[in-house]
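Chemist: give me a 3D structure for the following:
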Amino acid sequence: MTRKNADAARSTIRDVAARAGVSASTVSRVLGGVYPVSAETRTRVLQVVGELDYVADARAKAVAGAGTPTLAFVLEDITGPSFAHMAHGVEREAHRLGHLCLVCSTEGDVRHERDFVETMRAQRATAVILVGGTADTSEYRERTRRMADSLASAGSRLVLCGRPPLGPGAPVTVVEYDNEGGAFALVAHVLTRGHRRVLFLGGKPDHTTALGRERGYLQAHRARGIDVDPALILHGDFTRDTGHRLLRQALDRRLDFTAVVAATDMVAAGALTALHEAGLDVPGDVSLAGYDDIPFARDLHPALTTVHVPYEELGRLAVRTVLGRAPDAPGEHLLLGTHVVVRDSVAGVGRGSLARR
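Modeler: Numbering: from 1, shown residues only. All right, here's what the predicted structure looks like:
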């Protein structure tokens with residue numbers, strides 16, 4: 001434990017008051033933000049709070065019966081079907097184990113994420129679960145490492161669910177699924193049906209989830225000695241509208257392909273609509289596959305071949321794993337498997353590529 005973390009573990013509201021030269025009740029008013037306090041006093045108290053890395057002991061209140069222990073679930077987009085299923089797993093397992101689950105949607109705003117995590121730290125949440133891929137940069141690792149250390153100093157624990165690990169020594173629990181392996185298996189299935197020109201509708205080029213699925217696509221081709229035409233890899237995001245736009249773009253460019261692999265089922269749904277609008281039959285003219293196996297995938301026409309990701313179990317496992325762990329315990333890395341779900345949207349090569357139609 002660092003000196004700063006040790007100080008935080010020992011610091012009390014009286015320590016803050018003594019160093020700031022005010023009463024404990026004044027410190028409470030500043031932190032509560034309810035009662036009027038002069039700007040000078042507020043600035044002085046908050047400076048000392050930062051120096052001591054002090055957080056109010058909400059856990060003690062919970063133990064005394066004044067509150068319920070909490071878990072926090074932080075995701076980028078609460079409307080995403082896969083995230084919703086993971087959130088459901090977190091909430092159900094947290095409830096079963098006597099914890100209140102709080103959900104925050106950041107819409108990709110790093111400052112919003114940081115502020116919410118700091119709020120959960122101040123409230124001594126048992127754990128904060130960050131969900132979903134991101135850009136795996138040095139800035140991300142440094143920022144997230146600071147969050148992990150800060151939470152650990154307050155008796156909390158950071159969980160990364162589907163996010164890149166931070167490296168050795170970080171007080172973090174990582175729970176993820178075999179993202180790249182799922183894409184490899186899916187594309188291998190498409191290639192075994194005779195397809196050699198497979199259009200890939202991927203995500204953002206710097207997004208870790210998207211990159212893993214693209215690597216699986218490329219590796220499946222390499223494993224069979226098939227060269228990939230770079231023109232067949234298109235990037236966007238993980239939405240239905242992106243799938244529709246990219247597929248229309250591919251048709252307008254008269255790209256030569258016999259199958260489409262979409263980075264998510266939502267992207268596949270948009271691509272399916274674009275194919276139908278162009279008068280093309282799936283899978284008679286073009287085969288189509290997605291990724292995630294969200295419930296509506298089986299209700300598309302035709303039912304979608306896809307990769308099953310155990311999102312709800314990921315959420316449950318994240319909660320089960322983190323509860324009972326020491327906040328500053330060494331990192332751990334858990335990996336769940338994925339598998340291909342074969343339905344009706346992929347068939348053998350039929351009447352030939354679009355460029356020859």
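
Chemist: okay, CA-based contacts and neighbour counts for the rest of this
Modeler: Fine.

Chemist: helices of this protein, start to end?
Modeler: All helices of the chain, identified by DSSP state H, fall at 3-10, 13-20, 24-32, 39-52, 58-63, 81-96, 110-122, 138-153, 179-192, 208-223, 240-252, 265-277, 311-322.

Chemist: where among those is average confidence lowest?
Modeler: Mean pLDDT is lowest for helix 58-63 among these, at a mean of 42.

Chemist: pLDDT weak spots in the stretch 251-357 of the chain?
Modeler: 324-330, 351-357 (pLDDT under 70).

Chemist: what's the domain layout of the protein?
Modeler: 3-51, 66-178+312-336, 179-310+341-356 (automatic domain parsing).

Chemist: mean neighbour count for these - can I get that in CSV?
Modeler: Converted to CSV, those look like this (neighbours: other Cα atoms under 10 Å):
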stretch, mean neighbour count
domain 3-51, 15
domain 66-178+312-336, 19
domain 179-310+341-356, 20
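
Chemist: determine which residue lies closest to the centroid of this protein.
Modeler: Centroid-nearest residue in the chain, with Cα atoms, centre = their mean: Gly132, separated by 1.0 Å.

Chemist: the nearest residue to that residue once chain neighbours are set aside and Val131, how far apart?
Modeler: Leaving aside its sequence neighbours, Gly132 sits nearest to Gly162 (Cα to Cα, 6 or more residues apart in numbering; 5.1 Å). According to Cα to Cα, to the nearest Å, Gly162 and Val131 sit 6 Å apart.

Chemist: swap in Arg14?
Modeler: Taken as Cα to Cα, the span from Arg14 to Val131 is 37 Å.

Chemist: check Gly350 too.
Modeler: From Gly350 over to Val131 the distance is 40 Å, taken as Cα to Cα.

Chemist: Gly243 too?
Modeler: Gly243 is 23 Å from Val131, where distance means Cα to Cα.

Chemist: again, but for Val22
Modeler: Distance from Val22 to Val131, by Cα to Cα: 41 Å.

Chemist: Ala259 too?
Modeler: Ala259 is 31 Å from Val131, by Cα to Cα.

Chemist: now do the contacts for the residue nearest to Leu280 when sequence neighbours are not counted.
Modeler: Spatial nearest neighbour of Leu280, excluding adjacent residues (Cα to Cα, 6+ apart): Val286 at 7.2 Å. When contacts are counted by Cα atoms under 8 Å, 6 or more residues apart in numbering, Val286 touches 257-260, 280.

Chemist: which one of those is nearest Glu142?
Modeler: Closest to Glu142 out of the contacts of Val286 is Val260 (37.4 Å), distances taken as Cα to Cα.

Chemist: give me the beta-bridge partners of the closest one?
Modeler: Leu199, Leu288 (DSSP bridges).

Chemist: can I assume it is in contact with Leu201?
Modeler: Yes. Using Cα atoms under 8 Å, Val260 is in contact with Leu201, at 7.4 Å.

Chemist: tell me the contacts of Arg163?
Modeler: With Cα under 8 Å, 6+ apart, Arg163 has these contacts: 130-134, 174, 176, 208.

Chemist: now do Gly331
Modeler: Contacts of Gly331 by Cα under 8 Å, 6+ apart are 168-174.

Chemist: against Ser82, how distant is it?
Modeler: Gly331 is 25 Å from Ser82, by Cα to Cα.

Chemist: just Ala170 next, same as before
Modeler: 27 Å.

Chemist: same check on Ala72?
Modeler: Distance check for Ala72 against Ser82: by Cα to Cα, it reads 18 Å.

Chemist: ok, Gly50 next?
Modeler: From Gly50 to Ser82 the distance is 38 Å (Cα to Cα).

Chemist: cool, and Glu139?
Modeler: Distance, Glu139 to Ser82, by Cα to Cα: 26 Å.

Chemist: would you turn the helices of the chain into a markdown table with distance to Pro230?
Modeler: Formatted as a markdown table, these follow (distance: least, Cα to Cα, whole Å):
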| stretch | distance to Pro230 |
| --- | --- |
| helix 3-10 | 50 |
| helix 13-20 | 60 |
| helix 24-32 | 55 |
| helix 39-52 | 51 |
| helix 58-63 | 54 |
| helix 81-96 | 29 |
| helix 110-122 | 32 |
| helix 138-153 | 28 |
| helix 179-192 | 16 |
| helix 208-223 | 10 |
| helix 240-252 | 13 |
| helix 265-277 | 19 |
| helix 311-322 | 31 |
